[in-house]
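K.L.:
the sequence and its predicted three-dimensional model are supplied below.
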Amino acid sequence: MSSVRGILYKLISVAMFIIMSSLIKATSADIPPGEAVFFRSFFALPVIFIWLWLWGDLRSGLRVISPMGHFWRGFAGTAAMGLFFTGLGLLPLPEVTAISYAAPLLTVVFAAMFLGETVRAFRLAAVAIGLVGVIIILSPRLTVMSGAEAEVATALGAILVFTGAVFSALAQVYLRKLAPTEEISAIVFYFTITSTFLSLLSLPFGWVVPTPSQAVLLILAGLLGGLGQIFLTSSYRFAEASVVAPFDYASILGALIIGYFIFDEVPGTTMMLGVSLVICAGILIIWRERQLGLQRGHARRGMTPQG
């Protein structure tokens with residue numbers, strides 16, 4: 001029964017994050033990405049603060065052992081979030097979601113490079129299959145780099161979202177370094193603090209005063225981001241990482257539904273083929289890591305889809 005509860009919490013978090021992304025996309029024509037990151041982070045703070053207080057984790061959430069580790073995890077995660085939010089203004093929601101699935105694949109590579117993890121043929125093959133899927137998703141965009149202005153903009157969006165996936169993977173590597181010594185409450189709290197302050201660096205670059213309706217959407221995005229983090233973290237309290245992690249990929253269903261009915265976005269066959277390969281590869285990696293006894297629950301609990 002506890003596993004069912006964990007899966008339910010995971011699906012709730014996935015729904016909240018995809019709705020949050022939709023709200024950011026709805027304001028992206030007028031609100032610059034850095035300002036969106038600020039609203040997403042700042043208005044998540046009170047939600048996370050109350051959650052830490054209710055769970056009795058407030059003291060541990062404020063205590064850190066590696067301040068610079070938290071900074072670099074926050075820097076990479078904030079960069080990922082900003083790039084994903086930029087992409088939401090240039091690409092369909094399902095496509096941004098699909099490209100972001102490159103992050104877990106790249107995490108395997110970066111963990112081998114920077115953490116010295118042993119990665120053998122099975123996981124390398126899964127990563128290769130997944131990256132082929134990413135290339136398939138990107139290929140229609142990258143073939144129009146010299147086309148019309150709108151086509152160049154979407155190609156740039158695809159590159160930015162993939163770069164965001166790179167930073168998201170780096171954030172996951174930093175998170176794995178923090179996980180053995182830092183409390184998950186501290187990781188969540190200080191990431192939100194770091195991203196709030198780092199987003200302010202973009203203040204001189206075109207921030208605008210949002211209209212009342214835009215302000216409501218942005219504040220709601222922040223609140224949903226905070227609630228999504230709570231349900232994400234809570235899901236790993238009730239079920240193993242290998243049980244709940246595959247449900248990350250349910251976000252593509254939400255993105256397809258919202259994209260079709262709200263933004264009038266219809267995915268192409270090429271994108272669906274590519275995302276199918278990426279999802280299969282991601283699930284194979286999760287399964288293999290479970291077979292190898294690799295514990296990812298602590299790290300996954302502190303990682304949102306946006307970084």
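P.N.:
Noted; the coordinates are in hand. Residues are numbered from 1 along each chain as shown.

K.L.:
wait, doesn't Ser3 sit right on Ala239?
P.N.:
Yes - contact criterion Cβ atoms under 8 Å: Ser3 and Ala239 qualify, at 4.3 Å. (Glycine included, C-beta is placed from N, CA and C.)

K.L.:
who has more neighbours, those two?
P.N.:
More crowded of Ser3 and Ala239, by other Cβ atoms under 10 Å: Ala239, with 21 against 13.

K.L.:
the closest residue to the more buried one other than its chain neighbours: neighbouring residues, count only.
P.N.:
Spatially, and ignoring its direct neighbours in sequence, Ala239 is nearest to Gly6 (2.7 Å; Cβ to Cβ, 6 or more residues apart in numbering). A count of neighbours around Gly6, defined by other Cβ under 10 Å, yields 21.

K.L.:
ok, Ile193 next?
P.N.:
Counted with other Cβ under 10 Å, the neighbours of Ile193 add up to 16.

K.L.:
what's near enough to touch it?
P.N.:
Going by Cβ atoms under 8 Å, 6 or more residues apart in numbering, Ile193 touches 45, 74.

K.L.:
go again with 10 Å.
P.N.:
41-42, 45, 48, 70, 74 (Cβ atoms under 10 Å, 6 or more residues apart in numbering).

K.L.:
and if you look at Tyr101?
P.N.:
130, 133-134, 137, 165, 248-249, 251-252, 274-275, 277-279, 281-282, 305.

K.L.:
hmm, try it at 8 Å
P.N.:
Tyr101 touches 130, 134, 165, 249, 252, 275, 278-279, 282, counting by Cβ under 8 Å, 6+ apart.

K.L.:
please enumerate the helices of the stretch 201-307 of the chain.
P.N.:
Using DSSP state H, counting those that start in this stretch, the helices of the stretch 201-307 of the chain run over 212-238, 241-244, 251-261, 269-291, 297-301.

K.L.:
with mean pLDDT, distance to Ser66 and mean neighbour count as extra columns, can I get those in CSV?
P.N.:
Output for the helices of the stretch 201-307 of the chain, formatted as CSV (pLDDT from 0 to 100; distance: least, Cβ to Cβ, whole Å; neighbours: other Cβ atoms under 10 Å):
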stretch, mean pLDDT, distance to Ser66, mean neighbour count
helix 212-238, 92, 20, 20
helix 241-244, 76, 22, 21
helix 251-261, 95, 30, 19
helix 269-291, 90, 24, 18
helix 297-301, 54, 14, 21
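
K.L.:
got JSON lines for those helices, with distance to Ile24 too?
P.N.:
Converted to JSON lines, those look like this (distance: least, Cβ to Cβ, whole Å):
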{"stretch": "helix 212-238", "distance to Ile24": "6"}
{"stretch": "helix 241-244", "distance to Ile24": "25"}
{"stretch": "helix 251-261", "distance to Ile24": "12"}
{"stretch": "helix 269-291", "distance to Ile24": "20"}
{"stretch": "helix 297-301", "distance to Ile24": "23"}
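
K.L.:
tell me which of those helices approaches Ala158 most closely.
P.N.:
helix 269-291 (10.7 Å; Cβ to Cβ).

K.L.:
hmm, who's touching that closest one?
P.N.:
If you take Cβ under 8 Å, 6+ apart as the criterion, helix 269-291 is touched by 94-95, 98, 101-102, 104-105, 108, 122-123, 126-127, 129-130, 132-140, 240-242, 245-246, 248-249, 252, 296.
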